[in-house]
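A.B. asks: Could you work out the structure for the sequence below:
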Amino acid sequence: MHRTASRVLPGVRDADPRPEAVVAPVRARRRLPGDPRFAEGLSTAGVQGLEAVARVSGRLLDYQPAASKKAILGARQLWQFLSDRAAGEEPVREVTVVFTDLVSFSEWSLRSGDDNTLALLRLVAAAVEQRFTAHGGRIVKRLGDGVMAVFPTPQQAFDALIAARLNLGDIEVAGYRPKLHTGVHTGHPRPIGSDYLGVDVTIAARLAEHAEADEMLMSQATLDQLDPAHTLADRKQGPRWSQLKGVPSGLGVYAVSPVTE
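C.D. replies: Numbers count the residues shown, from 1 in each chain. Okay, the predicted model is just below:
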């Protein structure tokens, strides 16, 4: 076997400098299931095991000839796809995207100093993220005083946000009581590594930007899947809501809260 490999590998190395040698592996990667850009750039963003291994090994492959590198990346692309399938995950599936940030945080932080700011952020992270994970959510990334998270269903996202809001009620640091701006939208964003990109992500982020203190703004796509018996929803109307920048026209937007006994 060693002698066979020693005969084959020089042939691969000799073929690598030729441009046509790179074409076949590139075409093969496009036909393989999975992300054809896996291990390149955005596809390895994140700290999960598969992305971290791909990121490190991708750097090591920088010194491989072009055709060899493409062939190895193709094998890893297939590995990624099969790993996702084994975990029961589809490459693109419906998720509910949630964005949050703290009301008037920047102004308070400038007045209160770094120590108070850090203390507050730790308390808020524990209060919010604990409830998110308890309801099946995953923190995609932390955004200073906010987070982006995804949930398998709209109801899980809604329940998690209500629970998180209750948790925040016990927190006060240097006179500041945290309240959230929240945006929620359900769709099929494109998974890139451990992150998500696409219009559906943009919609959730824009809704959070427009939410008032302690307000949960939600798209029609999310609202339609909530239990109506336990949900109050007021449609946002007027010029401000006729066309939100960066989102599709005619998007239904609602301020949503739970029914209280």
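
A.B. asks: Next secondary structure after the strand or helix carrying Ala119?
C.D. replies: Per DSSP states H and E, Ala119 falls inside helix 114-134. Proceeding N to C from helix 114-134, the next assigned helix or strand is strand 138-143, under DSSP H and E.

A.B. asks: show me what contacts Arg138?
C.D. replies: Listed by Cβ atoms under 8 Å, 6 or more residues apart in numbering, the contact set of Arg138 reads 132, 149-151. For every residue, glycine as well, the C-beta is placed using N, CA and C.

A.B. asks: swap in Pro248?
C.D. replies: Pro248 makes contacts with 199, 203, as judged by Cβ under 8 Å, 6+ apart.

A.B. asks: what helices or strands is the helix or strand hosting Leu207 leaning on?
C.D. replies: Assigned by DSSP H and E, Leu207 belongs to helix 199-210. On a contact count with 3 or more Cβ pairs under 8 Å, 6 or more residues apart in numbering; DSSP states H and E, helix 199-210 meets strand 95-102, strand 146-151, strand 180-187, strand 215-219.

A.B. asks: coming back round to it: compare the contacts of Arg138 and tell me which is most surrounded.
C.D. replies: With neighbours defined as other Cβ atoms under 10 Å, the most crowded of these is Ala149; it has 27 neighbours.

A.B. asks: you'd agree that one is up against Arg131?
C.D. replies: No. With contact defined as Cβ atoms under 8 Å, Ala149 does not reach Arg131; the gap is 10.4 Å.

A.B. asks: can you list contacts of the helix holding Ala119?
C.D. replies: So helix 114-134 is contacted by 98, 100, 102, 109, 138-139, 142, 145, 147, 149, 151, 160-161, 163-164, 167-168, 170-171, 173-174, 176, 178, 180 (Cβ under 8 Å, 6+ apart).
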